[in-house]
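**Q** let me see the structure of the following:
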Amino acid sequence: MFEVSYLVDVFEKTLFDTVYHEHLAYHSVKPLRDFFASIGMELIAAERVDSHGGSLRGTAQKAGGPRPVESSVAERIAHDAALGLDKSDTLRAFGARIDAVGAALNERLRGLKADGKSIAAFGAPAKATTLMYHFGIGPFNVFGPGMRETDYRVLPNFASRIKAGLPLNVYGSGDQTRTFCYITDAMVGFLLVVLKGVPGEAYNIGNPKPEISMIDLVKEIERVASSKVEYNIVEYPDSYPADEPNRRCPDIRKARLQLDYDPAVELDEGLKRFLDWADAVYTGEQ
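**A** Residues are numbered from 1 along each chain as shown. Okay, the predicted model is just below:
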């Protein structure tokens, strides 16, 4: 007898936030039946259970063993097939459903922010981390090695286009300003909140310096890379949030005072580390 993560539950309940490095396989019944047959065994029962948001409990025996194959195996296989879990269009539709969840969540968060409200949280469960990373929800422009090429944030976007030999796209006027916090400084800040933070208090973790325009960021990348970087000023895409601020800079005075938080990696050094990594890992596919 065994239990595994059931692809049906992931699909029907949109449990994408369970998909991370510890959970690499999500099973449906027909492949499991065929797997056991390939090693001289047979799947004789398949039961849907509620553990971990939805799992499959199976029973197997040596082929030709004393127990009959229960009807649950055929029933589960039929149910899986009816959902089209073996079809690429089904999985693309699942991806679109995830994107819709992300758009709704980000819209809700922007609304709360516009109302002057804040959200406090405790702990860092893997599911929450997966959700926040996939939807681009998180601290003030943290960057560094490990960012997905399709992240759509400015630095992965720029690095991907540099890899492809394409001009960078700078949205709007290019005068909007941002700050950037290297990942090691962010992780130190998060740990300081856990170890020294006042219960119930919220802290801004980021790097307030330098506050840099997008055009000046291109020039900084050009300086760090020691090569010419072409760029175009383009209109914001339709998917860009209408209420995106022209200026984004964290006030970390509270974290400095209460946590002794002090980001140490300068922007040029962080950019060099990130761009060197991205050049080795990114493909440049647009």
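
**Q** which strands and helices sit next to the helix-or-strand element of the chain with minimal mean pLDDT?
**A** One helix or strand of the chain scores below all others by mean pLDDT, DSSP states H and E: helix 126-135, with a mean of 76. Helix 126-135 sits against helix 88-114, with contacts defined as 3 or more C-beta pairs under 8 Å, 6 or more residues apart in numbering; DSSP states H and E. For every residue, glycine as well, the C-beta is placed using N, CA and C.

**Q** could you give the mean pLDDT of the helix it packs on?
**A** Helix 88-114 comes out with an average pLDDT of 86.

**Q** tilt between the least confident helix or strand of the chain and helix 88-114?
**A** 90 degrees (axes from the mean of the first three to the mean of the last three C-alpha atoms, to 10 degrees).

**Q** okay, Glu70: pLDDT?
**A** Predicted confidence (pLDDT) at Glu70: the value is 97.

**Q** how about the contacts made by it?
**A** By C-beta atoms under 8 Å, 6 or more residues apart in numbering, the contact set of Glu70 is 44-46.

**Q** again, but for Thr283
**A** Applying C-beta under 8 Å, 6+ apart to Thr283 gives the contacts 149, 160, 163.

**Q** quick one: which of the residues you listed is most hemmed in?
**A** Using other C-beta atoms under 10 Å as the neighbour criterion, Ser160 leads the contacts of Thr283 with 22 neighbours.

**Q** report the buried residues of the strand or helix carrying that residue.
**A** Per DSSP states H and E: Ser160 is located in helix 154-164. Neighbour-count burial for helix 154-164, counted by 16 or more other C-beta atoms under 10 Å, picks out 154-163.

**Q** tell me how far the residue most central in space within the chain lies from Gly172.
**A** Central residue of the chain (C-alpha atoms, centre = their mean): His134, 2.3 Å from the mean position. According to C-beta to C-beta, to the nearest Å, His134 stands 25 Å off from Gly172.

**Q** narrow the contacts of Glu70 to those in strands?
**A** Among the contacts of Glu70, the members falling in strands are 44-46 (criterion: DSSP state E).

**Q** before we move on, back to that, who wins on neighbours among the contacts of Glu70?
**A** In terms of neighbours by other C-beta under 10 Å, the contacts of Glu70 top out with Ala46 at 28 neighbours.

**Q** tell me which element the closest residue to it other than its chain neighbours falls in.
**A** Ranked by C-beta to C-beta, 6 or more residues apart in numbering and with sequence neighbours excluded, the top spatial neighbour of Ala46 is Arg76, at 4.3 Å. Taking DSSP H and E as the definition, Arg76 sits inside helix 71-83.

**Q** where does Ala280 fall, secondary structure wise?
**A** Applying DSSP H and E as the criterion places Ala280 in helix 267-281.

**Q** buried stuff in that helix?
**A** Neighbour-count burial for helix 267-281, counted by 16+ other C-beta under 10 Å, picks out 267, 270-271, 273-275, 278.

**Q** other SSEs contacting it?
**A** For helix 267-281, the packing partners by 3+ C-beta pairs under 8 Å, 6+ apart are helix 154-164, strand 181-182, helix 214-225.

**Q** any chance of those in a markdown table, plus mean pLDDT and distance to Asn141?
**A** Shown next, in a markdown table, are the helices and strands packed on helix 267-281 (pLDDT from 0 to 100; distance: least, C-beta to C-beta, whole Å):
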| stretch | mean pLDDT | distance to Asn141 |
| --- | --- | --- |
| helix 154-164 | 95 | 8 |
| strand 181-182 | 96 | 6 |
| helix 214-225 | 96 | 11 |
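
**Q** and the buried residues of helix 154-164 as a markdown table, adding distance to Arg108?
**A** Shown next, in a markdown table, are the buried residues of helix 154-164 (distance: C-beta to C-beta, whole Å):
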| residue | distance to Arg108 |
| --- | --- |
| Val154 | 23 |
| Leu155 | 26 |
| Pro156 | 24 |
| Asn157 | 25 |
| Phe158 | 29 |
| Ala159 | 30 |
| Ser160 | 29 |
| Arg161 | 31 |
| Ile162 | 34 |
| Lys163 | 34 |
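
**Q** can you give me every residue that contacts Ser51?
**A** Shown in contact with Ser51 (C-beta under 8 Å, 6+ apart): Glu3.

**Q** next one: stretch 97-112 to chain centre, how far?
**A** 14 Å (C-alpha atoms, centre = their mean, to the nearest Å).

**Q** where in this structure is pLDDT low?
**A** Within the chain, the segments meeting pLDDT under 70 span 21-24, 118, 120-124, 133, 136-138, 239-244.
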